[in-house]
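1. Can you look at this prediction? I've put the sequence above it.
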Amino acid sequence: MKLYILALFCVCSFIKAEEDERLPNKCEVCKFLSVELQDALEKSSRSKEVLEVGQVLDTGKRKRKIKYNTSETRLTEAIDNICERILQYSVHAERPGSLRYAKGASQTMTTLKNLVHKGVKVDLGLPFELWDEPSVEVTDMKKQCETMLEEYEEVVEDWFFHHQDERLENFLCESHVLNTSERECMKEVWKGDMGAKGGTEESASDSTGEEGANSSVKDGKTHDAGEL
């Protein structure tokens, strides 16, 4: 009996979260586009590969050699399907602001799945195998990501070739995409299980796994992909 009461409570909480569903704003889209692109580039940053570009002419002119790390090829490979990575996110309705978007199942969904595995009947109005499909919010963020990336492609290229000493989210979002009044989500920092806004004095450091946090306000990072 207690399990059924708990299941009913969880379903009600889930329904309330669904009622709170909203589409991502421009700040959130830019923030997570930057997080994912920065992460993709950091994963290829240690390559020592050298590329040969150009054509060998009849004159015997040799191809020009450039480092992969500074090449347009590296940027193109990082950008390719970058917005598809947004579909790995879930909506964590129990968290505030942009922190509602993170990789991994939400607390509510995890609780409901555990109840199902214990034999409790939970009806969410859709088949169990579809519970992990991207939500309307996440799908919309992916679409906005693609539009934003197309619109600001030259800004991203300018950052890559000339301004990598600055975090991408600062250069792209704060300097080009967002007005001053639209930057609220850039201040939201992950600080633990329930999340929190602000965080100008703390950084998460002792969390591990899929949502282990490594963000630091001191170096201008509000998220990194390892914490989401």
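-> All right, it came through fine.

2. burial measure for I79, as a count.
-> Here the count is done by other Cβ atoms under 10 Å, and I79 has 17 residues near it. C-betas here are computed from N, CA, C, even on glycine.

3. Quick one: residues contacting it.
-> 37, 40, 149, 156 (Cβ atoms under 8 Å, 6 or more residues apart in numbering).

4. How much space separates it from T73?
-> Per Cβ to Cβ, to the nearest Å, I79 is found 11 Å from T73.

5. again with C27
-> For C27, the distance to T73 - Cβ to Cβ - is 31 Å.

6. Those two: which has the busier surroundings?
-> Legend: neighbour count by other Cβ under 10 Å for C27 and T73, higher for C27 (23 against 14).

7. ok, now which ones touch that one?
-> With the criterion set at Cβ under 8 Å, 6+ apart, C27 makes contact with 98, 173, 178, 182-186.

8. go with 6 Å
-> Applying Cβ atoms under 6 Å, 6 or more residues apart in numbering, we find C27 in contact with 178, 182, 185.

9. from the residues you listed, which would you call buried?
-> 178, 185 (16 or more other Cβ atoms under 10 Å).

10. May I see the contacts of C27 arranged in a markdown table, with distance to K142 as well?
-> Below are the contacts of C27 laid out as a markdown table (distance: Cβ to Cβ, whole Å):
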| residue | distance to K142 |
| --- | --- |
| L178 | 19 |
| E182 | 20 |
| C185 | 17 |
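
11. Just the closest of the contacts of C27 to V138, please.
-> Nearest to V138 among these, counting by Cβ to Cβ, is C185 at 15.7 Å.

12. quick revisit: out of the contacts of I79, which is most surrounded?
-> Among the contacts of I79, L37 has the most neighbours (other Cβ under 10 Å), with 25 neighbours.

13. Without its sequence neighbours, what residue ends up closest to it?
-> Closest residue to L37 apart from its sequence neighbours, by Cβ to Cβ, 6 or more residues apart in numbering: I82 at 5.4 Å.

14. mind checking the backbone torsions on that neighbour?
-> phi -60, psi -30 (degrees, to the nearest 10).

15. Burial check on G97, number of neighbours?
-> Here the number of neighbours of G97 (other Cβ under 10 Å) works out to 16.

16. now do the one 4 residues further on
-> Neighbour count of Y101, defined by other Cβ under 10 Å: 25.

17. which residues touch it?
-> Y89.

18. pLDDT value on it, please?
-> pLDDT, Y101: 92.

19. how far away is it from D140?
-> 11 Å.

20. do the same with F160
-> Taken as Cβ to Cβ, the span from F160 to D140 is 27 Å.

21. Over to E77?
-> Going from E77 to D140 by Cβ to Cβ gives 26 Å.

22. Can you give me the neighbour number for W159?
-> By other Cβ under 10 Å, 24 other residues sit near W159.

23. tell me which element it is part of?
-> Per DSSP states H and E, W159 falls inside helix 153-162.
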